[in-house]
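Trainee: Build me a model from this:
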Amino acid sequence: MSPSFRSYLETLTATCAQPVFKSACEAGGYEVMSPRGSPLNKDLEFAPHHPVVRTHPVTGWKSIFAGVGIHISRIDDVYDYEDTMIREYIMRLITRNHDCIARMHWTKQACAIWSNACTLHAATPDTHLVSGNRTGVRASGIGEVPYLDPASVGRHTALGLPMN
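Mentor: Below you'll find the model as predicted:
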């Protein structure tokens, strides 16, 4: 991503909402706790605005909010076609860039833990590679309110890696 486009993305926020959360809970028969994790997560209506580029609370590195393609309803203050263009571009970068992907080799008793602060995740249809059923249990911690520290740097810069 060009430095000027990275800088532009740092000026944007997005409305983070799960438009299908209610219907998924109803279809699965899931009881929704309120509040869920953070006291701000009340009932089924929750749509905060977070920076598109955020600073990871542990590493201090800048990264694109991993949910830009999936967990947001729109990028704020841009036209609809710009919202679509930006989100599709970010999703292409994330899904086609092997530098952004960690692949889990599932074995018996395997466990995967990740931070939603900067990690996309997806269950791939490869359970045929493991005997039996693969099941998942979700545990959500109370995370910080996402922020962008203008002094933070990306992973490549922090590790002294070349920018390709």
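Trainee: drop to CA atoms for contacts and neighbour counts, all remaining ones
Mentor: Will do.
Trainee: okay, the closest residue to residue 15 other than its chain neighbours: pLDDT?
Mentor: Nearest residue to residue 15, sequence neighbours excluded (CA to CA, 6 or more residues apart in numbering): residue 49, at 4.5 Å. Per-residue confidence (pLDDT) for residue 49: 86.
Trainee: With residue 15 instead?
Mentor: Predicted confidence (pLDDT) at residue 15: the value is 89.
Trainee: again with residue 84
Mentor: Reading off the confidence values, residue 84 has pLDDT 92.
Trainee: phi, psi of it?
Mentor: The main-chain torsion angles of residue 84 are listed as degrees, to the nearest 10 and equal phi -60, psi -50.
Trainee: roughly how far apart are it and residue 90?
Mentor: Shown here: residue 84 relative to residue 90, a distance of 10 Å by CA to CA, to the nearest Å.
Trainee: Who has more neighbours out of those two?
Mentor: residue 90 (18 against 14; other CA atoms under 10 Å).
Trainee: which helices and strands sit right next to the host helix or strand of the more buried one?
Mentor: Secondary structure here is read from DSSP states H and E; on that basis residue 90 sits in helix 80-96. When contacts are defined as 3 or more CA pairs under 8 Å, 6 or more residues apart in numbering; DSSP states H and E, helix 80-96 sits against none of the other helices and strands.
Trainee: Run the chain-centre distance for the helix or strand just after it.
Mentor: Following helix 80-96 in sequence order, the next helix or strand is strand 153-154 (DSSP H and E). Once both centres are worked out by CA atoms, centre = their mean, to the nearest Å, strand 153-154 turns out to sit 17 Å from its chain's centre.
Trainee: Only the buried residues of the helix or strand of the chain with the lowest mean pLDDT, if you could.
Mentor: Across the helices and strands of the chain, the lowest-confidence element by mean pLDDT, DSSP states H and E is helix 21-28, at a mean of 80. Of all the residues in helix 21-28, not one is buried under the rule 16 or more other CA atoms under 10 Å.
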